[in-house]
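Colleague: using only what follows, build the 3D model:
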Amino acid sequence: MARRSRVRAVAAAAGAAALVAGVFGMGPARADRADAARGMTVRFAEHELFIGTEPASVSLSYRWKVAGGGTAHHVHLAVDLSGVADFAEPAPSEHCKGSLCTLDLASATSDFHAITLVPKPGAAVGSSGTVTVSGTASDATVTGDRLTLTNGATQLKVSASAEQLHQVPGDTLTFLLDVWNNGQLPAAKGVELRIGTTAGLHLQGSWANCRDVPASDRGGHIVRETLCDFPTPVEPGRQYALSSPLRVKVGDEALRDKIVYKFTPLASAAPANGPGTPLTLVPRGAMPSDGNIDPYFTTYVNSVNHADFAVTGDTVTGRRGGHATLHATVIDRGPAVVQDLLDDDAFLSVLVKLPPGTKATKVPDNCQPPPTDDGSDPGPRMGRSSYQCYFGDPAPGDRHVLSFTVAIGPRTPAVSTGQVRTLEVMKGLDPDASNDSAALTLRLAQGGSVGGGTLGGFGGWIVWAAGALLPASGVAVTLFRRSRGGN
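Modeller: This next block holds a predicted model:
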């Protein structure tokens, strides 16, 4: 028995030591092994870079990150440029010597660094090579990366178009597009044209080398996109035109719209799956000496059109000291789609004034007390008599119901009327004012109070105040019960 007791005591002591080591960080050998196993990665931001003409330099950026959010120490990072030394060199920098750029960090978690590379005078256009980044650390294993750098670039530009103002639904707009290559390398496999339009514009026609794709720019209100692939090489210094202009119809939804077109080098030809004859590129000679400096352009189209926002009210019955729920309805009757193309936060707002003698105990999530004149905090949401409600990106056919639960006060009139009305988003947007406001009416039931009796003065105020508080919190009632239970 004594021997068994000693064995148990030794085991308990060992367990306690292990627990202490785990809690207080004892056991350096185990900690060292964990540190040595820590991983750190260094990655280039891009894995294919080109030294172009605008600008002639290129920024080579890399980022490091220690796994698990830890810290690595005594870090040495090295970017090897020997694979591109024939045609590129780093700009003067305290971190570079010859074809090697280094960076030493006492400690590292997550950050980035950039090196500027410039072409060597007289270097052959089209030369290509590999750049690597690697590193070491005293307590981490560093995994590096590589990229391909090419001397020269394909730099496409697209022609600009004037803004289209004062259009009306039914109009057809014509866009003559040219593309040219301001770089040193050809778009050898051809180019791709991406056409994006907002809700009120509709691209007309169909071509064998064009296809509709899901819109990729929802934040900019682009709702339709078409891709067209042109296998024609676009040579440096040369200009090309579409074989036929783009035609766009102004739809019934039009108001504040835009069309975006962008050319990019074609990586691989997509299958021709559209009906009709192909849209092609026609050579037009030398590229212009001036013009648009980007591969994309946006043309804004404003139409003489409007939207109609309509509201409907509600009439409910309640008793003093009780609650009632009022429903206000907001409808976007169109036809115009309201979009502020310079601000992604386009919204429709309405003002709700509850019937006098009532206070809100439950309000919709998208409703807040009206903003103050000085911009200060308007205070608590509950217990108010008026609210401002917001609807983001209103669209024709949208229907929103706002439900407000109110506590009915002791002095509420027999018939009490509030209002819901629209607040204009853009000046002149909704010219029909006949349906911009509606009544929210509360009628007192026969007897006028909870339970059919008449509560007036102080007693009626207590019932109303308690009713206003109950939906938000049971604290007052709970405290009252506890007080009575303690006597």
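
Colleague: what's the neighbour count on residue 223?
Modeller: As a burial measure, residue 223 scores 17 neighbours (other C-beta atoms under 10 Å). Yep, even glycine has a C-beta here, placed from its N, CA and C like the rest.

Colleague: now it: how far from residue 300?
Modeller: According to C-beta to C-beta, to the nearest Å, residue 223 and residue 300 sit 16 Å apart.

Colleague: next up, the contacts around the closest residue to residue 304 other than its chain neighbours.
Modeller: When the adjacent residues along the chain are set aside, residue 304 lies closest to residue 168, with 5.2 Å between them (C-beta to C-beta, 6 or more residues apart in numbering). Applying C-beta atoms under 8 Å, 6 or more residues apart in numbering, we find residue 168 in contact with 250, 303-305.

Colleague: just the ones of the residues you listed in strands?
Modeller: Secondary structure defined by DSSP state E assigns 250, 303 of the contacts of residue 168 to strands.

Colleague: so what's the backbone phi/psi at the residue nearest to residue 304?
Modeller: phi -130, psi 150 (degrees, to the nearest 10).

Colleague: any idea how far residue 282 is from it?
Modeller: Distance, residue 168 to residue 282, using C-beta to C-beta: 32 Å.

Colleague: just residue 258 next, same as before
Modeller: To residue 282, residue 258 is 26 Å away according to C-beta to C-beta.

Colleague: higher neighbour count, the two?
Modeller: Under the criterion of other C-beta under 10 Å, the comparison of residue 258 against residue 282 puts residue 258 first, with 21 against 12.

Colleague: you'd agree that one is up against residue 300?
Modeller: Yes: Residue 258 lies in contact with residue 300 (C-beta atoms under 8 Å); the separation is 5.0 Å.

Colleague: overlap in contacts, those two.
Modeller: With contacts defined as C-beta under 8 Å, 6+ apart, the residues shared by residue 258 and residue 300 are residue 341.

Colleague: which non-adjacent residue is nearest residue 254?
Modeller: Of all residues not flanking residue 254 in the chain, residue 200 sits nearest, at 2.9 Å (C-beta to C-beta, 6+ apart).

Colleague: what does the pLDDT read for the one you found?
Modeller: Residue 200 is assigned 95 on the pLDDT scale.

Colleague: for residue 24, same thing?
Modeller: 39.

Colleague: which SS class is residue 439?
Modeller: Classification of residue 439 using DSSP: H, G, I helix; E, B strand; the rest coil returns strand.

Colleague: neighbours of it, how many?
Modeller: Counted with other C-beta under 10 Å, the neighbours of residue 439 add up to 14.

Colleague: likewise the one 4 residues further on?
Modeller: The tally of other residues near residue 443 (other C-beta under 10 Å) stands at 15.

Colleague: and residue 334, by the same measure?
Modeller: So residue 334, with other C-beta under 10 Å, has 20 neighbours.

Colleague: surely it and residue 397 touch.
Modeller: Yes: under the criterion of C-beta under 8 Å, residue 334 makes contact with residue 397 at 6.9 Å.

Colleague: contact partners for the closest residue to residue 111 other than its chain neighbours?
Modeller: The shortest distance from residue 111 to any non-neighbouring residue, by C-beta to C-beta, 6+ apart, is to residue 64 (6.5 Å). Contact analysis of residue 64 by C-beta under 8 Å, 6+ apart lists 40-43, 75, 77, 108, 110-112, 135.

Colleague: what do you get for residue 385?
Modeller: Residues counted as contacts of residue 385 (C-beta under 8 Å, 6+ apart) are 353-354, 356, 358-360, 418.

Colleague: switch the cut-off to 10 Å
Modeller: Applying C-beta atoms under 10 Å, 6 or more residues apart in numbering, we find residue 385 in contact with 352-360, 369, 406, 418.

Colleague: mind checking how far it is from residue 412?
Modeller: 12 Å.

Colleague: which neighbours do those two share?
Modeller: Both residue 385 and residue 412 are contacted by 355-358, 406, under the criterion C-beta under 10 Å, 6+ apart.

Colleague: so where's the stretch 301-450 of the chain uncertain?
Modeller: Scanning the stretch 301-450 of the chain for pLDDT under 70 picks out 342-346, 425-427, 447-450.
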